[in-house]
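[1] okay, here's the prediction I keep looking at, along with the sequence it came from:
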Amino acid sequence: MLHLILFLAFGAVCVAGAVNLLVQRHPINSALSLVVVMGALAGEYLLLGAEFLGAIQVIVYAGAIMVLFVFVIMLLNAGEEERTKGSRVALLFGVPGMLAGSLLIAWVLLHSDMGSVEVGALLGSPKAIARLLFHDFLLPFEVTSVLVLIAIMGAVVLAARSEVAQPKQEKEN
Amino acid sequence: MNITIFIIASLIKTVLSLFLLLTAVAYSVWLERKIIGHMQNRWGPTRVGPFGLLQPLADGVKFIFKEDLTPPHVYKSLYIAAPMISLVCALTSIALVPVGNNVPIGGMSIPLQITDVNIGLLVVLGITSLGVYGVALSGWSSNSKYSLLGGLRASAQMVSYEIALGLSLVGVLIMSGSLSLREIVDAQSGVFWGFIPRWNIFHGQIFAFFIYLVAAYAETNRVPFDLPEAETELVAGYHTEYSSMKFAMFFMAEYANMITVACIATLLFLGGWHGPVFGPPILQAILPVLWFVAKVFVFIFVYIWVRGTLPRFRYDQLMRFGWRVLLPLAIANIVVTALVVAWGA
């Protein structure tokens, strides 16, 4: 019973944060709403029994990645979003379409025969996750690290190239 | 024990630990002013009360009565929220810190810790990561160039040194085999060679201790890594535009972070509450707490000592040090510890 209440509470916070992200005009408010969504997801992970994943969600996602998002928004100095006049087509087709889509998804989910997970059923201790990551799935883990390394190297090369390009333009001027 | 006693005990422990933490924050400010004063060949506060011991009280009254000015050009919602985020994240970690053995009170054994989460260390690191938002948002929302630069520098520094901080603790985790703070301390009980206590600092993690020390100084924005709040560089960095109670919240958050970091270092490297214990049961319950407080005091004294001694890093030197020196050293420590533990097993 308490678990159902907690699940609904975290879920409500998550959905509210997500809706707030879309509704807010200033990007910094949207970014902070996303942090709230991450926190609520970490709560859901804890309810499932994946405590390590919940802690890592907070440390890595909410505490490092979203900080970088906030940096970008702060440095770009993006102002508030301009409101356009609105579109009647969007209102006429969009709102019923969205309602129909969500009703369809809800019907499919309720009538499909997925199993149910008990609260705390997953083996989420650090030891279990370590065994999965470093023993059973070692090759995908290492390949993912190489993939992330390639992305970092690409970002460094792109940033360095734009620094090199600028002095040449200044010389031409 | 049943649920009501658990709730009552938890409430009492929460109130007590919050009160003690805030008192410790106030008196660590007094301690810093006295020690820095004596290192600079002057008295610290001496007027208010004996040895200036009531100075924190006077400071508190000053902060309360000062005008709480909100400049018109700030982004109000985040301007007001940022010091709260900082302070909440600084005060929350004390809930996971155990200060002593289980205390038998009236037939029940009450642990001297508010919650014993089995991923306690990760929760503390997560709360520290969230504290970066207070700094970054305060710098941006103040809408001033000094604040923005100070906030960006401070949060970039904190994020960079968090990595070295976390990795320096992995060596201890390899040796203890658990993330729960109480179990990490229990793994350091006993002595080897007859008289050297099995604290992790003597048991092979001395390099990790110094990496942790340096990363902790950078994480809490203290000298020699306090460029983001240096007066000569950035006026006051990210808390330039703050006055009175909001500034006091940042101030308290900084010292509370210091104390939290000192508590974690004590638990992971200095053996927690282990020390000579003797006497009647009441003394056996209190002495571990005193040993814990003494070790935390030593750590904070080193913090203040370093502040009085070293000049500050330039920002590029700071970032280079964090990424190109401290991070490889922490990783090397993990590799060596893992090899030694695997070879010994």
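    Okay, I see it. Residues are numbered from 1 along each chain as shown, chains lettered A, B, ... in the order given.

[2] tell me where the model's unsure across the stretch 51-200 of chain B.
    Counting by pLDDT under 70, the low-confidence segments of the stretch 51-200 of chain B come to B:106-107.

[3] likewise chain A?
    Using pLDDT under 70, chain A drops low at A:117-121, A:162-173.

[4] what does it have sitting close to chain B?
    Proximity of chain A to chain B (Cβ under 8 Å from any Cβ of the partner chain) is limited to residues A:28-29, A:32, A:35, A:51-52, A:55-56, A:58-59, A:62-64, A:67-68, A:70-71, A:74-75, A:125-126. All C-beta atoms are positioned from the backbone trio N, CA, C, and that covers glycine.

[5] now with 10 Å?
    Within chain A, the residues that sit near chain B (Cβ under 10 Å from any Cβ of the partner chain) are A:26, A:28-29, A:31-32, A:35, A:39, A:42, A:46, A:51-52, A:54-64, A:66-68, A:70-71, A:73-75, A:77, A:124-127.

[6] can you select the buried ones from the residues you listed in PyMOL?
    With 16 or more other Cβ atoms under 10 Å in any protein chain shown as the criterion, this PyMOL line picks the buried residues out of the residues of chain A next to chain B:
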select buried, chain A and resi 26+28+29+31+32+35+39+42+46+51+52+54+55+56+57+58+59+61+62+63+66+67+70+71+73+74+124+125+126
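
[7] quick one: buried residues of the helix or strand where A:Leu6 lies?
    Take DSSP states H and E as the rule and A:Leu6 turns out to sit in helix A:2-23. By neighbour count on 16+ other Cβ under 10 Å, the buried set for helix A:2-23 is A:Phe10, A:Val13, A:Cys14, A:Gly17, A:Asn20, A:Leu21.

[8] what of stretch B:130-142?
    Residues of stretch B:130-142 classed as buried by neighbour count (16+ other Cβ under 10 Å): B:130-142.

[9] quick one: end-to-end length of stretch A:59-75, please.
    End-to-end distance of stretch A:59-75 (Cα to Cα, to the nearest Å): 23 Å.

[10] in what helix or strand does the residue in the stretch 1-150 of chain B positioned nearest to chain A lie?
    In the stretch 1-150 of chain B, no residue comes nearer to chain A than B:Ser129, which is 2.6 Å away by Cβ to the nearest Cβ. B:Ser129 belongs to helix B:120-141 when assigned by DSSP H and E.

[11] other SSEs contacting that helix?
    Helix B:120-141 is packed against helix A:27-48, helix A:51-56, helix A:66-76, helix B:76-92, helix B:145-176, helix B:181-186, helix B:206-219, helix B:244-269, with contacts defined by 3 or more Cβ pairs under 10 Å, 6 or more residues apart in numbering or on different chains; DSSP states H and E.

[12] reformat those as JSON lines; add distance to A:Trp107.
    JSON lines is the format used below for the helices and strands packed on helix B:120-141 (distance: least, Cβ to Cβ, whole Å):
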{"stretch": "helix A:27-48", "distance to A:Trp107": "23"}
{"stretch": "helix A:51-56", "distance to A:Trp107": "30"}
{"stretch": "helix A:66-76", "distance to A:Trp107": "34"}
{"stretch": "helix B:76-92", "distance to A:Trp107": "40"}
{"stretch": "helix B:145-176", "distance to A:Trp107": "44"}
{"stretch": "helix B:181-186", "distance to A:Trp107": "48"}
{"stretch": "helix B:206-219", "distance to A:Trp107": "50"}
{"stretch": "helix B:244-269", "distance to A:Trp107": "49"}
